[in-house]
Every structure is written in structure tokens, then in C-alpha cells.
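A.B. asks: Quick one: sequence plus predicted model below, questions after.
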Amino acid sequence: MSEPGPESVPTSADPRSKRPIKRRAVTPHSEQAGQIETLFKDPSKEIRLPDSSNPRTSSSLAPPPEIVTNVQGSSAGAGSGEFHVYKASRRREYERLRLMQSEVDQEKDNAEWEKQREEAKRKDDEKTEKNRKRREKKRATRGKKGGKDSAMDMDKSSTTKAPSVPSQTDQGVNAEGQVPHGEVPGVIIHDED
């Protein structure tokens, strides 16, 4: 049997060949896989993300020419190349006008949104003020009544206070530790039998 010779190796894969290696059509899947492989080759390497591009505005475009030279009519002397020059010029001008219009629309939308926000804030403030006045009026009438509501307020205020520790004088014992004659500390039970 014979060994495979150089003639069995495809020309593009032969290291002696000067031909460029054939490149296959890249699918989105294989392109993404290739990018991920390069990222994982050196995980410690810092990944640089491209800066987010600023939105294009009419001021970012080149201004239209002030003097147009070599202006030709629709048919007289117009060569085949002039059509593409005209189309490019028209495309640039339409792009500039479109960007100017979008800026105007954006400003209009922003002003309208700001107006709606201010209107909503004003309505919220009015409603808050109305509710505050209603609460104050309710409190004022509750304080004048002195009925059940004020008694409940007193109960609530008494439960919120910290309980006081009774001193010895509150229990019927004077400062010297003696019990006065008429009072006996403790519970008094009356038998009616």
C-alpha cells in the first residue's frame, strides 16, 4: 500500500500553499460561538464594551453646502455619474430635515408630558389639601362634642402613656415607713352576714 502523498492533501490546507484558506459563509450562530470562544480564552482579560453612541441630531450632521457649484439642469449635460451625486445630496438633505422634524416633535412631546405631569401634581395637591381640611374639621368637631369620641381619645392616650411605678406614699406608707392610723394598705373585705 502506498502512503498518502502531498497530492492527497487539499491545496488550501497544504502548509506550503500560498493560497488563502477558504472561508465558509458565517452563520449568526457560528459568529456568536466564535465571539464567546474568544471571550473564554482569557477570562481575566477586561471586556471593553463599545460606548453607547449619542443619538444623531441635525447639528451632528454636516451642514448643507452654502455654495453649490456646477449646477446642471435636468437634461443638459447631465452624465450618468451626476444622478448618483444628486441622489446622495437629496438623501443627506432629507435626513437632515427628518432629524430636525424629530427634534421638534420630541420637544413638543416633552412639553406636553411636562404639562400633564404638572396638571396631575396640581390635582393631587388639591385633593390632599381638601382631605387635610376635612380631617381638621372632623377633629375640631370631635373636640367640641366631648362625647364618645373624646372619651375614646382619652382611653387611647392613657394606654399609650408609660405605666407609672407606684411609690410607697401611694400605697399608704409614709416616708418613715409607717402606716397612718386611718388607712390600712391592702384589700378591705366587708362581711354582711
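C.D. replies: Received it, and whenever you're ready, just let me know what you need.
A.B. asks: tell me what the lengthiest helix in the chain is packed against?
C.D. replies: Ranked by residue count under DSSP state H, the longest helix found in the chain is helix 80-145. With contacts defined as 3 or more Cβ pairs under 8 Å, 6 or more residues apart in numbering; DSSP states H and E, helix 80-145 has these neighbours: helix 148-160. In this view, the C-beta of every residue, glycine as well, is placed from N, C-alpha and C.
A.B. asks: hmm, try it at 6 Å
C.D. replies: The helices and strands touching helix 80-145, judged by 3 or more Cβ pairs under 6 Å, 6 or more residues apart in numbering; DSSP states H and E, number zero.
A.B. asks: for this structure, what helix or strand is lowest in average pLDDT?
C.D. replies: The weakest-scoring helix or strand in the chain, judged by mean pLDDT, DSSP states H and E, is helix 148-160 (a mean of 52).
A.B. asks: which intervals of the chain have sub-threshold pLDDT?
C.D. replies: 1-14, 21-22, 70-78, 146-185, 193 (pLDDT under 70).
A.B. asks: 80 instead, please
C.D. replies: Scanning the chain for pLDDT under 80 picks out the ranges 1-25, 50-59, 62-83, 85, 145-193.
A.B. asks: I'd like to know how many residues surround Lys145.
C.D. replies: With neighbours defined by other Cβ atoms under 10 Å, the count for Lys145 comes to 9.
A.B. asks: Please tell me how far it sits from Asn131.
C.D. replies: As judged by Cβ to Cβ, to the nearest Å, Lys145 and Asn131 stand 21 Å apart.
A.B. asks: Please apply the same query to Ala120.
C.D. replies: Distance of Ala120 to Asn131, given as Cβ to Cβ: 17 Å.
A.B. asks: Count the neighbours of Ser58 for me.
C.D. replies: Applying other Cβ under 10 Å, we find 16 other residues in the vicinity of Ser58.
A.B. asks: Hmm, I typed the wrong one, I wanted Lys87.
C.D. replies: Lys87: 10 neighbours (other Cβ under 10 Å).
A.B. asks: how long is stretch 40-50 end to end?
C.D. replies: Criterion Cα to Cα, to the nearest Å; first-to-last residue distance in stretch 40-50 is 19 Å.
A.B. asks: let me fix that: stretch 44-55
C.D. replies: 33 Å.
A.B. asks: next one: stretch 43-62
C.D. replies: 42 Å.
A.B. asks: Could you pull up the contacting residues of Thr27?
C.D. replies: Contacts here follow Cβ atoms under 6 Å, 6 or more residues apart in numbering; on that basis Thr27 touches nothing.
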